[in-house]
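**Student:** the sequence and its predicted three-dimensional model are supplied below.
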Amino acid sequence: QVQLVESGGGLVQAGGSLRLSCAASRPTFRNYAMGWFRQAPGKEREFVASISVSAVTTYYADSVKGRFTISRDNAKNTAYLQMNSLKPEDTAVYYCAGGQTSAQAMRVPRGIDYWGQGTQVTVSS
């Protein structure tokens, strides 16, 4: 069993930046593709970004492409989501996810084994 713990959420003004972190409890993290999802009030959870085990391949939702960057540090068992040029519509609870699957499959999502508890991101206008 792997626990994923997100941190880094908070309140920021539009145009600002935040970096989310997702720390895994076990080194087996390095065998998992990682992803970020978000859920706004009254909406379904949606895909944000994913990254392959080797960090060579990444995918982004069209709504965040060019503004968000996903990365990982396998030595620290941690994945990150750098969020720049934030907009009020980015307001949501952000969840990290991991699975023995591909970064491409996580977009569906498919093959996710673990979810974090979520961290709130609020962007004020």
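**Tutor:** All right, it came through fine. Remember, it's a predicted structure, so these values are computed and weren't measured experimentally.
**Student:** show the end-to-end separation of stretch 44-53, please.
**Tutor:** 26 Å (Cα to Cα, to the nearest Å).
**Student:** residues touching the nearest residue to residue 119 once chain neighbours are set aside, list them.
**Tutor:** The shortest distance from residue 119 to any non-neighbouring residue, by Cβ to Cβ, 6 or more residues apart in numbering, is to residue 9 (3.4 Å). Quick note: C-beta positions are derived from backbone N, CA and C, even for glycine. Neighbouring residues of residue 9 by Cβ atoms under 8 Å, 6 or more residues apart in numbering: 18, 20, 94, 119-121.
**Student:** now, of the residues you listed, which are buried?
**Tutor:** 18, 20, 94, 119, 121 (16 or more other Cβ atoms under 10 Å).
**Student:** list the contacts for the second one?
**Tutor:** In other words, residue 20. So residue 20 contacts 6-9, 36, 80-81, 83, 94, 96, 119, 121 (Cβ under 8 Å, 6+ apart).
**Student:** what's across from it in the sheet?
**Tutor:** residue 81 (DSSP bridges).
**Student:** what about the host helix or strand of residue 120, average pLDDT?
**Tutor:** Using DSSP states H and E, residue 120 sits within strand 119-124. For strand 119-124, mean pLDDT rounds to 98.
**Student:** what do you get for stretch 38-57?
**Tutor:** 97.
**Student:** distance between the ends of that stretch?
**Tutor:** Start-to-end, stretch 38-57 (Cα to Cα) is 20 Å.
**Student:** could you do stretch 12-31 as well?
**Tutor:** With Cα to Cα as the measure, stretch 12-31 spans 33 Å from end to end.
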